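K.L.:
got a predicted model here, sequence first, then my questions.
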There are 2 protein chains.
Amino acid sequence: MTTVAERQVGQLSDEDVARLDAWWRADNYLTIGQIYLQANPLLRRPLEPGDIKPRLLGHWGTSPGLSFIYAHVSRLIRLTGQQAIYLAGPGHGGPALVAAGYLEGTYSEIYPAVSLDEPGMLRLFRQFSSPGGIPSHVSVTTPGSIHEGGELGYVLVHAFGSVMDNPDLISVAVVGDGEAETGPLEGSWKGISFLNPVHDGAVLPILHLNGAKIAGPTVLGRKDPAEVRSLLEGHGYEVLEVSGDDLPGMHHRFAATLADAWGRIREIQRSAREGDWDGARPRWPMIILRSPKGWTGPAEVDGVKVTGTWRSHQVPLSGVKENPEHLAILERWMRSYRPEELFDEQGAPVALIRELAPEGDLRMSASPHANGGRVTRDLDLPDFRGYAVDVAAPGTQRAESTRRLGELLRDVYRDNPDRFRLFCPDETNSNRLGAVFEASDRAFAERVSAEDVAISRDGRVMEVLSEHNCHGWLEGYNLTGRHGMFATYEAFAMVSASQTVQHGKWLQEAKRLAWRAKVPSLNVLLTSTAWRNDHNGFSHQGPGLIQVVLTQRGDVARVYLPPDANCLLSVADHCLRSRSYINLIVIDKQPQLQYLDMDAAVEHCARGAGVWSWAGTDDGSTDPDIVLACAGDIVTMETVAAAQILRERLPKFRVRVVNVVDLMTLPRRKDHPHGMSETLFTELFTDTVDVVFAFHGYPGAIHQLVHGRPDADRFRVRGFVEEGTTTTPFDMTVRNGVSRYHLVMDAINNAKRLPPGAAELKAWCERKLAEHQAYVVEHLEDMPEVRDWSL
Amino acid sequence: MTTVAERQVGQLSDEDVARLDAWWRADNYLTIGQIYLQANPLLRRPLEPGDIKPRLLGHWGTSPGLSFIYAHVSRLIRLTGQQAIYLAGPGHGGPALVAAGYLEGTYSEIYPAVSLDEPGMLRLFRQFSSPGGIPSHVSVTTPGSIHEGGELGYVLVHAFGSVMDNPDLISVAVVGDGEAETGPLEGSWKGISFLNPVHDGAVLPILHLNGAKIAGPTVLGRKDPAEVRSLLEGHGYEVLEVSGDDLPGMHHRFAATLADAWGRIREIQRSAREGDWDGARPRWPMIILRSPKGWTGPAEVDGVKVTGTWRSHQVPLSGVKENPEHLAILERWMRSYRPEELFDEQGAPVALIRELAPEGDLRMSASPHANGGRVTRDLDLPDFRGYAVDVAAPGTQRAESTRRLGELLRDVYRDNPDRFRLFCPDETNSNRLGAVFEASDRAFAERVSAEDVAISRDGRVMEVLSEHNCHGWLEGYNLTGRHGMFATYEAFAMVSASQTVQHGKWLQEAKRLAWRAKVPSLNVLLTSTAWRNDHNGFSHQGPGLIQVVLTQRGDVARVYLPPDANCLLSVADHCLRSRSYINLIVIDKQPQLQYLDMDAAVEHCARGAGVWSWAGTDDGSTDPDIVLACAGDIVTMETVAAAQILRERLPKFRVRVVNVVDLMTLPRRKDHPHGMSETLFTELFTDTVDVVFAFHGYPGAIHQLVHGRPDADRFRVRGFVEEGTTTTPFDMTVRNGVSRYHLVMDAINNAKRLPPGAAELKAWCERKLAEHQAYVVEHLEDMPEVRDWSL
């Protein structure tokens, strides 16, 4: 069924062609200008060597394809009022997207110095890839972008995240054939297996095959087209194809195909939303566009073919300043777009061009969806205190801390049906967050069977066995103004570590741009941690993501290690309210000791670190003999146990126990905004007493964080030192030297003052460890019940 | 064309079925025994609660499928003499693979205590997932494995790497349908687009669809089978399918299908090797096996369906010790395999079972290919000194250091045509390693065009725009005994960081097993570094992988930062000769200053760190006023420049310059075997003078490495602090505060003794930085030629 609107979009009058062609020529012209020119932007005189930039940077090859698509989608928006955003997988085609925002007027609105006239155009050219200017990729500075496309692979995950619970949005996602080779991209076509046509919007993937990467061919560009079609049909798409380089033929064919795709999307959505749907996964359309790399560029340079080959990937003409022949080619090339027809006397785009673009917020470069802070609504959050564990006395009872968080998240789902999602690689139940299923099923668009539990096409809990999809979907969801959490096994958070890094870079840069409104934070819950993956073994034991997040700037990086359920609730509430951070929350899912009642937890989390006087023997009147510090649930248990051993067996030994929830309180304030004052640091850690620090992660993290603190050398850190296997939880602490017995011996070894009995206690600890070792060695012959190694 | 051997493999006599069935029952029995039993291994008396382990761990669901396939491949090997190894993507099916090695006798050969009798079987059961025992996954301890399958996604990349230049090997790679959802796995089907049927072996992927993950359905398990077929045909495979749970029907159908697949592989190889090939990419076979999850397990438990559902993923019967009904189900289940027919009086497998397995090294559990150190031949390496840059005086000329490495690698290719490959995401030329193309083309099995350069189906340089493929292929290549290097943009090494972590874990554990012969090291060259991705911008600027490798144990982690070409050559030679390390080599590709002639470079690299007396003003007779230390090419240039400024402008200021090539010389020897002695450390860094350390990576890395060294607080580290964009190289050093001017000011600020003129010099540096800042700010208005910020 072809609708009127679809027919209108699909058929081009001569005037339509003229508008599209003018807009496209203008974008291409501005793209080349950005790469080459530092003067004479409108070519009002012959090109001279002095007009050419001293350093030629940028990527031409993908750009004309990107702007060709942009022009056609703009026309569709203008005709239909469709809300759309544009994600450029080949983000190195930055100049084409910058030019698009400039032609739409958005660029000048945001950056008034880059005005719609000759001086503004010159500035547009000069700023590109220049010190003090803008990056060469589609970046945070590019209006309309939620996707940089620097590190390749994530355009579809970002696109799918952007349309979840965003029913009126279509995200046009251009996939380059280089990017299409990456694992994350190949793993992301399956987004449609999780999309709901009623409450979600749609992604229109456009696989742009131009056949080459930097220096060689691409797999999809060189495969038999029948195979490529088969591949994408196998992913579940209706594959539409457009090929060629003939003009205006390509305009006509692409317009018709785009109209077809849009019509199919609308029909899928209409039938689903009007109750006229059998529930089967729709066959969403996607487009394969085959056009030459560097399309409309110089066909040959120095007798060698350029357009249509890898040679046009970056700067197809080099040495233009020095080589008159190349300069002449550049001038002919730029004049082939007939700039005098495209820009008026002042240098502004002529009416023909302006008429193509939609208006106001419908311009893709101005869409509020791509500046998600503008449309972010805070979560309606229940009082987290209502999910508290009753703690009568510290360290006397166990609870699964994440289960309480699951109950909180269940109610967040209930109260925010349009703006909160949990993303998790098939471990929601395993991570004890299963209460969310009382409020929402898992989303699944493929066939559901009778044995499935809490799975339906209407679900909004996202489970896919792909950290890349989970992380990327959440990024797209966040950047379009919605809230969420990515919960994963701690070790496998490293699978998507590079996404955490790149999203952190995005947030860091966005903070420097006033026009970019702050977006919901990326909340990452690491559970099933190294210490309690005793049952899964060494591959599942790795606290590496903390180390990664510590490399990010202080205005973005947040790391929390709540020791128990009430602290977790307090931290989670804080994170769900925050904006534009990477919040890393690390806590295990197994039953664990609970320490603080809710009031104490709230106070402790607000300070970020504090003395647990009930655990130690330090009365605060003078410096203790040793400080036992800890950050992380399991090592906190060991620390509290060590303090108890010392309290019972060396009662005159003054031990102070310090727990750290917010890891970023440790560095100096000049290194991180959460850094505690030197006064507070000294109050907690003294400035001379040795600190035995039991840390959840790699010990080096603490060494780097306390650098610059008074006498940092006195920090003796124990943590995860890459010792693990399938064993008992307690054995994990012994293997890594962070058991209660190790901590007691450390305390004795490093205290400046020792009461009588210390040597005996050390010997007792050594015996305890020897007993444990004997237990492990003899275990195969004599398997006792698993011992209770709890406090 | 069906060969005799193929017919023989494809047709089962009743005796064949009996053997297969017995072997499979035995493996399943042993699998369940490992999960449940601590006594009564042969069920020679009724099962009692005391026979049951106190903690039930392990994964049943995937195991029967894994052993079913194993049995059939073993039969094929026995009949044909085919060399094969087995990679279990669902590595959590560990007990099935352990049982296979046990049935083949390999396990007892390696671990004599786990003998082929009742006590040995009991030990087999007890050791599984127990303290002092073995991990629950296919792991380093599992004979025949080169793939753990803990972190999912890499089974096909490992398999493809294992068969490159291994023409007689078939790697059978079982892909679970959970794993099939990951990005890295989806990106790895394309391995056949890079495989050569003449000089490479073959991968036989078996996609094992049992429909469920831990707690829910899988995408491929629930898609229309026609879509799954379309998807895999789109990747280029000949898709063969086997479905069902009927017996012996499944045996007959799988044997026929396996024979078909094997026959197709042999025919592809035969025709290619006998010159009877048109050069088109072969349509390699793969098998889709659909069988119930937990096949042959209890159909229902407590009235709920288990077999065929996600409920059989781990331990399908819980609480067996306490629940008599469950205990009874377990006993019935185990007895359903008729153990009395499978094991003789002593508890050894009966002849019927032993007859199925191949003999000696043909057993998949004993294949030398899966213990690659056994077949590793050292590289035939040219003398690296022959590629030296002539350095007349330090810091007076520039060269592209990696270009020299490329020349060395070219000759490594020439001299080792069967055991060396370079893996690189389409950047071999960009990284200045293009000389290798004089010795070998890029490998590409898809269509090649006239514009392609150095690309052919016979090539052996591996370029694919996927870090996951590059890294994983190299792992597979290394673990089967061959040598290589993964060269990539520094920032995007984080894409595959998780693979680096997991491979490091493999190597760490392998070092503890005497029977695992050491394999070639995983060499990772990070080039196009943060400091010189000034043209690509912030997304391309991130030295994160150093931080990741630093978390690994000292017996595996190596990090080298050669400052120039001759040091790079010396380091590369060392790495290519080494075994079982992760060697990280970090150096940029751009023209850079050269410091050391070859003799000096060799000596410097052998020590790992040393004083560059020519750069400083320190005569060694007494402690200097300041130590300027550096690690990394660009920061070394800034340090040398800072020292020169100090030398010229404050000649009486005693400056010592220390360069560090081997980062692991910095920690104490107890923390890393390369750690320098305290004497040497003090000789270089003194024990009281402040050290201004300019580091290539994040500053925290140095803080953690020098922890415990004399007065570590005196190290003032500058490095990459997440400041970047598209700009000039020098501006990158200014933004991150590590420019020569910053270093001079640091030196002045931290020296204990200052000569006259220091304040003026500081003011001069501040002016220089202000000038630079003005240059950046005014750049858009007044674009001068890019300044030469070199020394």
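P.N.:
Nice, thanks for sending it over.

K.L.:
for the stretch 151-300 of chain A, what lies in contact range of chain B?
P.N.:
A:151-153, A:178-179, A:181-190, A:193, A:211, A:213-219, A:222-224, A:227-236 (C-beta under 8 Å from any C-beta of the partner chain). For glycine as for every other residue, the C-beta is placed from the backbone atoms N, C-alpha and C.

K.L.:
give the next helix or strand downstream of the helix or strand hosting residue A:329.
P.N.:
Element membership for residue A:329, per DSSP states H and E: helix A:324-335. As assigned by DSSP H and E, the chain's next helix or strand after helix A:324-335 is helix A:339-342.

K.L.:
buried stuff in that next one?
P.N.:
Within helix A:339-342, the residues scored as buried using 16 or more other C-beta atoms under 10 Å in any protein chain shown are A:339, A:342.

K.L.:
packing partners for the helix or strand following it?
P.N.:
For helix A:339-342, the following helix or strand on the C-terminal side (DSSP H and E) is helix A:351-354. If contacts are counted by 3 or more C-beta pairs under 8 Å, 6 or more residues apart in numbering or on different chains; DSSP states H and E, helix A:351-354 sits against helix A:14-36.

K.L.:
tilt between the helix it packs on and helix A:324-335?
P.N.:
Angle between the axes of helix A:14-36 and helix A:324-335 is 150 degrees (criterion: axes from the mean of the first three to the mean of the last three C-alpha atoms, to 10 degrees).

K.L.:
flag every buried residue along helix A:14-36.
P.N.:
A:16, A:18-36.

K.L.:
so what does it touch, helix or strand wise?
P.N.:
Using 3+ C-beta pairs under 8 Å, 6+ apart, helix A:14-36 sits against helix A:63-80, helix A:94-103, helix A:118-127, helix A:249-273, helix A:324-335, helix A:339-342, helix A:351-354.

K.L.:
show me how the record splits chain A into domains.
P.N.:
Domain assignment for chain A by automatic domain parsing gives A:4-370, A:384-593, A:611-778.

K.L.:
output these as TSV; include the columns distance to residue B:672 and mean pLDDT.
P.N.:
Listed next are the domains of chain A as TSV, based on distance: least, C-beta to C-beta, whole Å; pLDDT from 0 to 100:
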stretch	distance to residue B:672	mean pLDDT
domain A:4-370	31	96
domain A:384-593	17	96
domain A:611-778	12	94
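
K.L.:
ok, which of these comes nearest residue B:555?
P.N.:
Nearest of those to residue B:555, taken as C-beta to C-beta: domain A:611-778 at 9.7 Å.

K.L.:
out of the helices and strands packed on helix A:14-36, deepest packed?
P.N.:
Here the criterion is mean neighbour count by mean count of other C-beta atoms under 10 Å in any protein chain shown, and of those the winner is helix A:94-103, at a mean of 29.

K.L.:
same for the very next helix or strand once past that helix, what does it pack against?
P.N.:
Remark: after helix A:94-103, the chain's next helix or strand is helix A:106-110, criterion DSSP H and E. Packed against helix A:106-110 by the contact rule (3+ C-beta pairs under 8 Å, 6+ apart) you find helix A:94-103.

K.L.:
which elements pack onto the helix it packs on?
P.N.:
Helix A:94-103 packs on helix A:14-36, helix A:63-80, strand A:83-88, helix A:106-110, helix A:118-127, going by 3+ C-beta pairs under 8 Å, 6+ apart.

K.L.:
so that helix versus helix A:63-80, what angle?
P.N.:
30 degrees.

K.L.:
quick revisit: and the residues of the stretch 151-300 of chain A next to chain B, which of them are buried?
P.N.:
Buried by 16+ other C-beta under 10 Å: A:151-153, A:178-179, A:181-190, A:193, A:211, A:213-219, A:222-223, A:227-236, out of these.

K.L.:
ok, residues contacting the helix holding residue A:329?
P.N.:
A:29, A:32-33, A:36, A:43, A:46-49, A:52, A:297-298, A:301, A:317-321 (C-beta atoms under 8 Å, 6 or more residues apart in numbering or on different chains).

K.L.:
up against chain B, what does the stretch 601-750 of chain A have?
P.N.:
Residues of the stretch 601-750 of chain A found near chain B (C-beta under 8 Å from any C-beta) are A:698-701, A:703-705, A:707-708, A:711-713, A:717, A:721-722, A:725-728, A:731.

K.L.:
and the strands in the stretch 351-500 of chain A?
P.N.:
A:398-400, A:420-424, A:442-443, A:455-456, A:462-463, A:483-489 (DSSP state E, counting those that start in this stretch).

K.L.:
mean neighbour count and distance to residue B:614 added to the ones you listed, as JSON lines?
P.N.:
Shown next, in JSON lines, are the strands of the stretch 351-500 of chain A (neighbours: other C-beta atoms under 10 Å in any protein chain shown; distance: least, C-beta to C-beta, whole Å):
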{"stretch": "strand A:398-400", "mean neighbour count": "17", "distance to residue B:614": "63"}
{"stretch": "strand A:420-424", "mean neighbour count": "27", "distance to residue B:614": "56"}
{"stretch": "strand A:442-443", "mean neighbour count": "24", "distance to residue B:614": "65"}
{"stretch": "strand A:455-456", "mean neighbour count": "19", "distance to residue B:614": "69"}
{"stretch": "strand A:462-463", "mean neighbour count": "27", "distance to residue B:614": "60"}
{"stretch": "strand A:483-489", "mean neighbour count": "26", "distance to residue B:614": "51"}
